[in-house]
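> no sequence for this one, just the structure:
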């Protein structure tokens with residue numbers, strides 16, 4: 001690809017602005033004129049594709065990533081939307097992520113807050129678990145391949161170097177990736193499992209927390225030797241203020257032997273969630289890792305996919321409330337509904353207690369469904385409670401699949417409540433009949 005004048009059209013894509021250039025290609029901000037959306041267009045360097053020794057290998061890396069178009073769909077993976085690969089030309093079209101990479105946060109004077117780092121790692125663990133379930137090991141995890149969107153959500157990018165655990169794909173052999181982030185088994189070209197990516201994520205965590213890599217030396221060969229044979233400096237010696245539990249997570253991820261790391265990504269994510277729960281946060285704030293875990297425990301979300309659960313997190317507001325907090329007041333207007341994640345609430349009308357609701361119960365949906373916004377009852381916490389709140393406008397702006405999922409939840413809820421009302425009325429009528437019948441005996 002020679003130098004081009006912008007704007008420039010490639011099929012349905014109009015390239016508008018150059019976003020950056022690396023060793024393998026140039027990335028442009030582009031407009032997909034058919035879909036009417038902004039995308040990232042990565043155009044491979046032509047001289048690499050036509051290189052007499054390495055051209056075939058580089059083309060295979062692009063083909064690997066191109067083969068994932070439309071297949072990997074997870075909120076914390078950058079989606080590949082389209083691709084074209086020829087002998088002397090290749091490009092990829094990807095979801096556009098506006099916030100840049102995590103590289104800038106690896107400097108000691110630009111470090112992110114510790115709870116944010118733990119949260120980002122938790123989301124990466126879930127994304128990589130999803131990839132592993134599809135038979136993929138990333139092989140090139142590093143801050144440059146972790147992007148932040150405009151809302152601060154992390155997304156893993158660049159599966160060109162990915163290893164297919166069970167596949168008919170021709171594997172790209174040899175050392176692929178950045179040596180400083182590779183696992184011992186990767187630099188030794190041994191069999192790879194998901195534990196190799198865990199090691200790489202451990203290196204990223206170490207760097208994001210301290211501003212330095214765990215293994216450094218004057219040459220790649222020396223770095224590789226340290227990865228295989230030396231233990232990195234303890235996190236506590238580099239940054240004493242870090243919680244011991246977080247230090248243990250990173251140390252386990254960086255274990256030399258794969259079997260000494262976490263058995264799977266679920267265990268890694270669970271440990272990160274546990275750490276995040278104990279990090280300093282405002283009393284009413286709920287860590288995102290804990291929110292996701294709470295959603296997965298509630299029966300009302302049993303039929304929601306993992307992607308839909310992450311979308312619920314994105315559109316909802318979470319908060320802890322102390323006992324006797326008034327959440328909804330009878331007669332007041334409101335256009336949101338609530339899901340009780342923990343604790344109990346009391347439903348009352350005209351000062352009379354009608355019911356008690358527990359974890360997993362939805363309330364406030366009638367004002368949302370009717371559209372008039374008038375609350376028909378008062379809801380008060382009986383004890384400390386954790387709730388998520390979703391506004392009508394947020395749900396209407398959500399994906400069609402999520403709206404359909406909630407509509408089914410509301411329909412099931414209405415059917416259940418109608419059945420309960422019918423049973424209650426039948427019981428009352430039977431009691432009245434029994435009482436009147438006894439007077440004529």
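Now that the structure is in, tell me what you want to look at. Everything quoted here is computed from the prediction, not taken from an experiment. Numbering: from 1, shown residues only.
> for the closest residue to residue 4 other than its chain neighbours, helix, strand, or coil?
Leaving aside its chain neighbours, residue 4 sits nearest to residue 15 (7.2 Å; criterion: CB to CB, 6 or more residues apart in numbering). For glycine as for every other residue, the C-beta is placed from the backbone atoms N, C-alpha and C. Following DSSP: H, G, I helix; E, B strand; the rest coil, we place residue 15 in the strand state.
> those strands in the stretch 201-350 of the chain, which residues are they?
For the stretch 201-350 of the chain, the strands defined by DSSP state E, counting those that start in this stretch cover 317-321, 326-328, 336-342, 345-349.
> Out of the ones you listed, the one nearest residue 45 is which?
Ranking these by proximity to residue 45 (CB to CB) places strand 317-321 first, at 45.3 Å.
> which other residues reach the closest one?
Residues outside strand 317-321 that contact it (CB atoms under 8 Å, 6 or more residues apart in numbering) are 283-286, 291, 327, 341, 381, 384-390.
> could you give me the average pLDDT of stretch 151-166?
Across stretch 151-166, the average pLDDT comes to 78.
> what do you get for stretch 364-372?
pLDDT averaged over stretch 364-372 gives 75.
> Averaged over its residues, which helix or strand of the protein has the lowest pLDDT?
Lowest on mean pLDDT, DSSP states H and E among the helices and strands of the chain sits strand 163-164, with a mean of 62.
> can you pull the contacts of the closest residue to residue 226 other than its chain neighbours?
Spatial nearest neighbour of residue 226, excluding adjacent residues (CB to CB, 6+ apart): residue 215 at 4.4 Å. Residue 215 makes contacts with 180, 203, 223, 226, 227, 230, 232, as judged by CB under 8 Å, 6+ apart.
> Can you report phi and psi for residue 215?
Phi and psi for residue 215, reported as degrees, to the nearest 10, are phi -130, psi 110.
> thinking again about what came up before, looking at the strands of the stretch 201-350 of the chain, which one is packed in the most?
Ranked by mean neighbour count under mean count of other CB atoms under 10 Å, the strands of the stretch 201-350 of the chain are led by strand 336-342, which reaches a mean of 22.
> about what we covered before: now the element after the least confident helix or strand of the chain, going C-ward?
helix 184-187 (DSSP states H and E).
> picking that back up, point out the ones among the contacts of residue 215 that are inside helices.
Of these, the ones assigned to helices by DSSP state H are 203, 223, 226, 227.
> quick one: the last one from residue 413, how far?
Right, the one you point to is residue 227. For residue 227, the distance to residue 413 (CB to CB, to the nearest Å) stands at 54 Å.
> of the two, who's got more company?
More crowded of residue 227 and residue 413, by other CB atoms under 10 Å: residue 227, with 25 against 17.
> Can you show me the helices along this protein?
Going by DSSP H, the chain shows helices at 46-49, 55-66, 114-133, 184-187, 194-210, 220-229, 235-238, 244-253, 265-277, 288-297, 306-315, 365-370, 392-396, 400-438.
> thinking again about what came up before, pLDDT score assigned to the residue nearest to residue 4?
pLDDT, residue 15: 96.
> picking up where we left off before, same list as before, the ones in helices among the contacts of residue 215 that is, but in a markdown table and with distance to residue 74 included.
As requested, those are arranged in a markdown table below (distance: CB to CB, whole Å):
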| residue | distance to residue 74 |
| --- | --- |
| 203 | 22 |
| 223 | 31 |
| 226 | 33 |
| 227 | 29 |
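> what about the nearest residue to residue 304 once chain neighbours are set aside, neighbour count?
Using CB to CB, 6+ apart and skipping residues adjacent in sequence, the residue nearest residue 304 is residue 405, 5.9 Å away. By other CB under 10 Å, 18 other residues sit near residue 405.
> For residue 405, list the residues it contacts.
Residue 405 makes contact with 303, 304, 308 under the criterion CB under 8 Å, 6+ apart.
> how about these in a markdown table, adding neighbour count?
Formatted as a markdown table, the contacts of residue 405 follow (neighbours: other CB atoms under 10 Å):
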| residue | neighbour count |
| --- | --- |
| 303 | 11 |
| 304 | 20 |
| 308 | 20 |
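> Please identify which of the residues you listed is nearest to residue 102.
Taking those together and measuring to residue 102 by CB to CB, the closest member is residue 308, at 26.0 Å.
> returning to that earlier point: the helices of the chain: which one's closest to residue 154?
Judging the helices of the chain by CB to CB, what sits closest to residue 154 is helix 114-133, at 4.6 Å.
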